[in-house]
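Enquirer: Pasted the sequence and its predicted model underneath.
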Amino acid sequence: MNARLLRFYPPRGLKIVKAYMQYVWDDKWNKYLDYYNGYGVGFLGHRNPRVVAKIVEQLGTLMINSPSFDDPAKEELMAKLPKILPNTLLNVYFQNSGAEAVELALKLALHYTNREKVVAFKRAFHGRTLGALSLTWGSEYRKPSERALYKNVVFADFNSVEELDKVIDENTAAVFVEPVQGEGGINPATPEFMNAVARRAREVGAVLVYDEVQAGFGRTGYVWAYQGLGAPDPDVLLSGKAIGNGYPVSMVAVSDKIAESVVPGMHGSTYGANPVALAAVSGAVDVLLEDEVPKQAREKGKLFQEMLEEKLKDVKLVRDYRAIGLMVGVELRVKPGKYIEALQREGVLSLKAGTTVIRFLPPYVTTSEDINFATERLRKVLVSGV
Ligand SMILES: Cc1ncc(COP(=O)(O)O)c(C=O)c1O
């Protein structure tokens with residue numbers, strides 16, 4: 001008898017055997033436009049050749065190295081990062097997943113401030129390890145582990161400026177905010193809200209953490225989503241998913257004052273700053289810069305919004321639609337499950353966000369023909385019923 005994978009979610013009924021850029025193929029060689037994209041990981045396209053080349057080249061020399069030793073992959077990436085990070089955040093650490101990045105941010109903030117309270121926002125998603133889950137809003141994620149969660153978390157209303165002065169106070173160690181909530185429903189923060197959060201965090205000496213695991217690395221039309229919202233640099237910036245374009249890696253970037261508070265032994269990871277992971281990030285940064293990925297995401301996002309407008313404006317089932325660069329949500333008046341399944345049958349892979357949103361996370365290589373195809377098929381399944 002074969003082993004079985006634990007299924008935390010129902011299977012999608014598809015065996016994917018090959019992927020390239022914006023497309024995947026199943027075992028019967030049916031082709032799909034992949035706007036599910038491994039939860040948005042493959043933002044530079046499946047098996048992007050420049051990322052693959054970097055990984056393969058690295059495999060030829062050094063595959064294992066602990067963060068205690070230097071190596072050329074580390075040096076190369078450290079030299080490149082100032083091209084994509086603000087100069088206030090040039091202290092970095094690498095782990096394997098977004099949740100681990102959140103864990104480290106939480107530990108750094110509690111240690112730096114010597115405080116215990118943490119503020120997060122309603123509908124936030126920060127991951128599923130215990131610390132990250134403590135900052136995650138949805139009860140479906142929290143409930144089975146509730147007894148083990150960190151208790152000192154207050155959830156404030158997202159995009160509500162009035163509440164901030166009350167909720168973020170002198171006992172607050174950190175404020176965690178996603179500039180665009182991904183899992184929560186593709187909800188962009190307003191520029192006023194982001195600026196008010198930053199101002200209040202500064203006022204009370206709380207560590208300001210932007211979680212850009214989903215929104216970051218060009219997807220919203222800016223290298224970092226907060227830059228598009230005109231928000232100030234945070235103390236801690238978290239990224240993951242797209243930065244390795246399929247190679248598991250996340251990055252925590254922190255200010256000098258946070259970096260100075262680090263003490264030996266307080267954190268670490270066997271695979272932290274693994275050379276193959278860093279080679280993947282290096283390749284991804286090259287693509288981001290050479291292809292002007294943020295600009296392309298901005299332009300294609302605009303086109304996506306226009307096509308949604310054209311195709312959905314008279315569809316009763318649709319409450320709202322929004323393309324923040326290539327982070328796209330179509331909010332229905334009903335649960336989206338059966339429409340996501342129908343879209344899959346029509347050759348377009350998408351995923352749910354929040355409770356009523358169909359989410360599309362297209363890679364930047366997607367074309368206007370793809371966007372036309374996806375929105376046309378979306379209209380078809382929403383209008384014809386399923
Ligand atoms: C904003 C945000 N933070 C953290 C995470 C957790 O990342 P991972 O699944 O790599 O642990 C996610 C994953 O969807 C996310 O969207």
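Expert: Arrived safely. Since the model is a prediction, treat every value here as computed from it, not as a measurement. Numbering: from 1, shown residues only.
Enquirer: Quick check: residues of the stretch 151-300 of the chain near the ligand?
Expert: Proximity of the stretch 151-300 of the chain to the ligand (CB under 6 Å from any ligand atom) is limited to residues Glu178, Gly182, Glu183, Asp211, Val213, Gln214, Gly240. C-beta: built from backbone N, CA, C; applies to glycine.
Enquirer: So the first one is in contact with Val209, correct?
Expert: No - the criterion here is CB atoms under 8 Å, and Glu178 misses it with Val209 at 9.9 Å.
Enquirer: C-alpha coordinates for the helix or strand where Phe193 lies, PDB please?
Expert: Element membership for Phe193, per DSSP states H and E: helix 191-204. The C-alpha trace of helix 191-204 is given here as PDB (Å, rounded to 0.1, in the frame of the first residue of the first chain):
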ATOM      1  CA  PRO A 191      -2.500  55.000   1.800                       C
ATOM      2  CA  GLU A 192      -4.100  56.900   4.700                       C
ATOM      3  CA  PHE A 193      -4.400  53.800   6.800                       C
ATOM      4  CA  MET A 194      -0.800  52.600   6.000                       C
ATOM      5  CA  ASN A 195       0.600  56.000   6.900                       C
ATOM      6  CA  ALA A 196      -1.500  56.200  10.100                       C
ATOM      7  CA  VAL A 197      -0.400  52.700  11.200                       C
ATOM      8  CA  ALA A 198       3.300  53.700  10.600                       C
ATOM      9  CA  ARG A 199       2.900  57.100  12.400                       C
ATOM     10  CA  ARG A 200       1.200  55.500  15.500                       C
ATOM     11  CA  ALA A 201       3.700  52.600  15.700                       C
ATOM     12  CA  ARG A 202       6.600  55.200  15.600                       C
ATOM     13  CA  GLU A 203       4.800  57.300  18.200                       C
ATOM     14  CA  VAL A 204       4.600  54.500  20.800                       C
END
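Enquirer: If you count residues, where's the longest helix of this protein?
Expert: Looking across the chain with DSSP state H, the single longest helix is helix 293-312.
Enquirer: Can you list the helices and strands that that helix packs against?
Expert: Under the contact criterion of 3 or more CB pairs under 8 Å, 6 or more residues apart in numbering; DSSP states H and E, helix 293-312 touches strand 318-324, strand 327-332, helix 368-384.
Enquirer: Deepest-packed of these, please.
Expert: Most buried of these, by mean neighbour count (mean count of other CB atoms under 10 Å): strand 327-332, with a mean of 24.
Enquirer: buried sites along stretch 103-119?
Expert: 103-106, 108-113, 115, 117-119 (16 or more other CB atoms under 10 Å).
Enquirer: residues near the residue in the chain that the ligand sits nearest to, how many?
Expert: Across the chain, no residue is closer to the ligand than Gly98, which sits at 2.3 Å (CB to the nearest ligand atom). Using other CB atoms under 10 Å, Gly98 has 28 other residues around it.
Enquirer: surely it meets Gly127?
Expert: Yes - Gly98 is in contact with Gly127 according to CB under 8 Å; the separation is 5.4 Å.
Enquirer: so what sits against both of these two?
Expert: Common neighbours of Gly98 and Gly127, using CB atoms under 8 Å, 6 or more residues apart in numbering, are Val213.
Enquirer: residues touching the closest residue in space to Asp256 that isn't next to it in sequence, list them.
Expert: Nearest residue to Asp256, sequence neighbours excluded (CB to CB, 6 or more residues apart in numbering): Asn91, at 6.6 Å. By CB under 8 Å, 6+ apart, the residues touching Asn91 are Ala253, Val254, Ser255, Asp256, Ile258, Ala259.
Enquirer: Would you mind stating the distance between the most centrally placed residue in the chain and Asp320?
Expert: Note on the chain: the residue nearest the mean C-alpha position is Gln214, at 0.9 Å, using CA atoms, centre = their mean. Taking CB to CB, to the nearest Å as the measure, Gln214 falls 19 Å from Asp320.
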